[in-house]
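1. Let me see the structure of the following:
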Amino acid sequence: MKHTANIKSLVLLSFGIFTIGSVQGQSYSDTIQQFRRNYRDDFLKEERSPLKASDTSFLRFFPPDKKYCVMASIRRTPEAQPFSMPTHSGKTKRFRKYGILSFSIGGMPLQLEIYQSADPAQAAALKDYLFLPFKDLTNYETTYGGGRYLDLNLQDIDGDKLVLDFNKCYNPYCAYAEGYNCPIPPMVNNLAIAIKAGEKNFGRSHSE
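-> Numbers count the residues shown, from 1 in each chain. Next up, the predicted model:
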């Protein structure tokens, strides 16, 4: 698992790269639980973290569910031009659409766009990283209204296939505190399905 402080500090996007492989003898649920322990620990290592150690007890997650770990096909979009993605602070971040993911959950066909940073200052540091912001029907109910994120790596792509594990999706920093430049998922990434996986709403309000 990569230290999320490295990526979050570099691009100030409030997204990190969380990768954890299955350990021999561990069940899928065990692997996800270990991923989440590492996720909590990373808040305490990140200089710009919105959470202190006492806050991490308010992190909430859906139970691990392999239904939301799916194989997607990817159609790359090398012709895509850089664009400005709005953030919750009112600023923008530069991205380029890397490709379009096609997959299904519960028999429902779905698509999402996946992005690379197009910020010239971060080009070398982030050349292998892919960013997937999305919204779904759980937003404003059991999950953060501003959407959630998944982080992937170019090395995760095998030919034209990519594993999407929504059990690893997480909240932007804006779910915990004000003052962060959290990208707002483009409308095209609004899913017409409830993704009951990954991180839920934070367990207390910003003002507490």
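2. And residue 34, how close does it get to residue 109?
-> 32 Å (Cβ to Cβ, to the nearest Å). Placement of C-beta: from N, CA and C, glycine included.
3. more neighbours, the two?
-> Remark: of residue 34 and residue 109, residue 34 carries more neighbours, 15 against 8, as counted by other Cβ atoms under 10 Å.
4. Could you tell me whether that one really is in a helix?
-> Yes - using DSSP: H, G, I helix; E, B strand; the rest coil, the secondary structure at residue 34 is a helix.
5. Just to check, it is in contact with residue 26?
-> Yes - counting by Cβ atoms under 8 Å, residue 34 touches residue 26, with 7.3 Å between them.
6. so what's residue 63 up against?
-> residue 29 (Cβ atoms under 8 Å, 6 or more residues apart in numbering).
7. Next, give phi and psi for it.
-> phi -60, psi 140 (degrees, to the nearest 10).
8. Use 37 as the first number from now on
-> Understood, numbering begins at 37; the last thing we discussed is residue 99.
9. Now do it, the pLDDT please.
-> At residue 99, the model reports a pLDDT of 97.
10. ok, now the one 5 residues further on?
-> At residue 104, the pLDDT value in this model is 98.
11. Also the one 4 residues further on?
-> Residue 108 is assigned 98 on the pLDDT scale.
12. List the buried residues for stretch 152-169?
-> Buried residues in stretch 152-169, counting neighbours by 16 or more other Cβ atoms under 10 Å, are found at 152, 153, 154, 155, 158, 162, 165, 166, 167, 168, 169.
13. Give the bridge partners for residue 168, please.
-> residue 186 (DSSP bridges).
14. Quick one: residues contacting it.
-> Contacts of residue 168 (Cβ under 8 Å, 6+ apart): 137, 148, 150, 151, 185, 186, 187, 188, 200, 225.
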